[in-house]
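Visitor: Here is my input; please provide its structure:
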Amino acid sequence: MSHYKPYPVYKDSGVEWLGQVPGHWAVSPLKYVVTFRSGGTPSKDKQEFWDGDIPWASAKDLKKEQLEDTQDHLTELAVTSGAASLVPAGSVLVVVRGMILARIFPVAEAMVPMAINQDLKALHASSKLDGRFLAHLLRGLADESLCRLEEAGHGTKALRMEAWTSMQLTIPPSEEQCAILSHLDRETVRIDALVEKKARFIELLREKRQALITHAVTKGLDPNVKMKDSGVEWLGEVPEHWAVCKLSFRYSVELGKMLDEKKLTKTSLVPYLRNQDVQWGAINIQNLPEMDIHPAEIERYTVMDGDLMVCEGGDVGRAAIWRGESSVFGYQKALHRLRPRLQNTDTAEFFFFSLLTAKKRGVFEESDSKATIAHLPAEKFRQYRFAFPPKREQREIADHVRIESDSLDVLLTKTARSIALLKERRSALITAAVTGQIDLREAT
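Guide: Predicted coordinates for the structure are as follows:
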């Protein structure tokens with residue numbers, strides 16, 4: 001913000017957290033410069049109220065600053081019957097109740113008339129405030145709004161309405177509001193374009209990373225090698241000297257122990273891994289729960305260095321390699337433990353990248369049933385066919401992929417950080433503009 005100049009004259013706002021404001025600006029509680037409209041949810045039992053053409057906004061829709069449509073819709077009957085009411089275009093929508101308030105304070109402008117649910121409020125600015133300036137003002141004061149939260153039922157966050165509506169707002173003269181909005185429009189559009197460009201670059205880097213992995217584990221590193229048809233659709237042609245066979249021929253696939261909390265003896269307790277502890281390429285070992293694994297079960301239900309842990313449910317096929325903790329760790333039935341049948345035949349590092357490729361190509365989707373949670377049963381998993389180079393080549397491929405991926409990951413991290421900094425700059429600019437920390441009356 002160093003290239004922006006401050007106002008020539010400031011005064012004490014009388015509000016500790018707000019501090020100094022431009023000398024000619026007014027300060028007023030929110031409730032004195034806006035009116036509020038509440039929303040609701042029409043009966044879900046009345047299908048005639050739903051799936052119409054009228055947008056019905058809830059917290060999940062407030063991911064954009066300008067809201068033209070919503071995920072859910074109501075019928076005209078829902079409105080004419082009084083089960084719902086419309087707020088006009090230009091309304092400023094905020095979330096006043098929900099777990100999203102634990103992280104952010106969403107603010108959106110309704111670009112068309114729409115209904116809202118009970119977790120939102122629609123604000124209509126008085127003649128003292130431009131509606132769009134009000135939206136930016138609430139975004140700029142998001143942290144202050146979040147200071148006025150309380151716990152509702154089941155840990156849900158909710159705004160304490162009396163405290164929130166008493167929050168002091170800065171009110172510039174109307175012509176200054178227009179000047180501030182004009183400058184913010186230019187700068188936020190510019191920043192958003194940069195963010196979008198960098199986000200697309202991240203997508204391209206991820207695509208390049210996956211293409212690198214896919215080619216390496218299906219075609220190898222030698223561009224001149226003779227190829228053969230693998231007989232497996234997702235693999236296509238593979239190097240002629242590679243083996244193509246069922247997973248069970250190369251790896252033992254074992255599910256973990258079923259947890260039975262009623263039978264905990266507390267005499268043979270060991271920490272155990274759950275599905276949620278295994279993410280792509282990483283395993284959590286902090287604050288793990290414990291289960292009984294008796295001495296006779298240790299070999300069957302514990303992990304050792306180099307084991308590949310694969311999710312049986314949820315995000316099926318998600319995998320990571322266990323890296324030799326000295327302590328004993330078990331694993332629950334929601335995980336498969338893969339271990340090479342012959343120590344000198346296969347490496348988990350190579351097969352991890354094969355699993356990543358299979359997952360990206362939708363190989364395990366056929367295992368998904370219509371059940372709420374997808375599953376990859378062990379007997380099914382063992383039948384899938386994969387390509388296996390000689391072990392020395394597996395190591396070369398894994399090393400190559402790791403080195404190339406690491407260099408791409410450096411770029412990914414740098415780009416993600418630059419996006420975060422741009423978003424921080426955008427937020428800081430809005431806050432500084434709407435609270436009078438910078439003078440934008442003649443800014444270019």
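
Visitor: so Ala122, which of the three states?
Guide: Of the three states, Ala122 takes strand under DSSP: H, G, I helix; E, B strand; the rest coil.

Visitor: Distance of it relative to Ser81?
Guide: 20 Å (Cβ to Cβ, to the nearest Å). In this view, the C-beta of every residue, glycine as well, is placed from N, C-alpha and C.

Visitor: what about the two, which has more around it?
Guide: Ala122 (24 against 13; other Cβ atoms under 10 Å).

Visitor: tell me the contacts of that one?
Guide: Going by Cβ atoms under 8 Å, 6 or more residues apart in numbering, Ala122 touches 36-39, 87, 91-93, 110, 116.

Visitor: mind redoing it with 7 Å?
Guide: Each residue near Ala122 by Cβ atoms under 7 Å, 6 or more residues apart in numbering is listed here: 37, 87, 91, 93, 116.

Visitor: which ones are touching the first one?
Guide: For Arg37, the contacting residues are 87, 121-122, taking Cβ under 7 Å, 6+ apart as the criterion.

Visitor: Kindly report the same for the second one.
Guide: Residues touching Val87, when contacts are defined by Cβ under 7 Å, 6+ apart, comprise 37, 110, 113-114, 116, 122.

Visitor: Let me have the residues you listed in JSON lines, adding distance to Arg190, pLDDT and secondary structure as columns.
Guide: Output for these, formatted as JSON lines (distance: Cβ to Cβ, whole Å; pLDDT from 0 to 100; DSSP: H, G, I helix; E, B strand; the rest coil):
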{"residue": "Arg37", "distance to Arg190": "33", "pLDDT": "95", "secondary structure": "strand"}
{"residue": "Ala110", "distance to Arg190": "25", "pLDDT": "97", "secondary structure": "strand"}
{"residue": "Pro113", "distance to Arg190": "31", "pLDDT": "97", "secondary structure": "coil"}
{"residue": "Met114", "distance to Arg190": "29", "pLDDT": "97", "secondary structure": "strand"}
{"residue": "Ile116", "distance to Arg190": "31", "pLDDT": "97", "secondary structure": "strand"}
{"residue": "Ala122", "distance to Arg190": "30", "pLDDT": "97", "secondary structure": "strand"}
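
Visitor: ok, so of the residues you listed, who is nearest Arg318?
Guide: Ile116 (37.0 Å; Cβ to Cβ).

Visitor: can you pull up the bridge partners for that closest one?
Guide: Ala57 (DSSP bridges).

Visitor: Also the one 4 residues further on?
Guide: The partner list for Leu120 in beta bridges (DSSP bridges) reads Val95.

Visitor: and it, how many neighbours does it have?
Guide: The local packing of Leu120 (other Cβ under 10 Å) involves 25 other residues.

Visitor: For Arg361, state which of the contacts of Ala122 is nearest.
Guide: Closest to Arg361, out of all of the contacts of Ala122 and judged by Cβ to Cβ, is Leu93, at 40.6 Å.

Visitor: re earlier: with distance to Ala142 as added columns, please give the contacts of Val87 in CSV.
Guide: Converted to CSV, the contacts of Val87 look like this (distance: Cβ to Cβ, whole Å):
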residue, distance to Ala142
Arg37, 21
Ala110, 19
Pro113, 26
Met114, 22
Ile116, 19
Ala122, 18
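
Visitor: tell me which of these is nearest to Leu138?
Guide: Once Cβ to Cβ is applied, the member of those that ends up nearest Leu138 is Ala122, at 12.3 Å.
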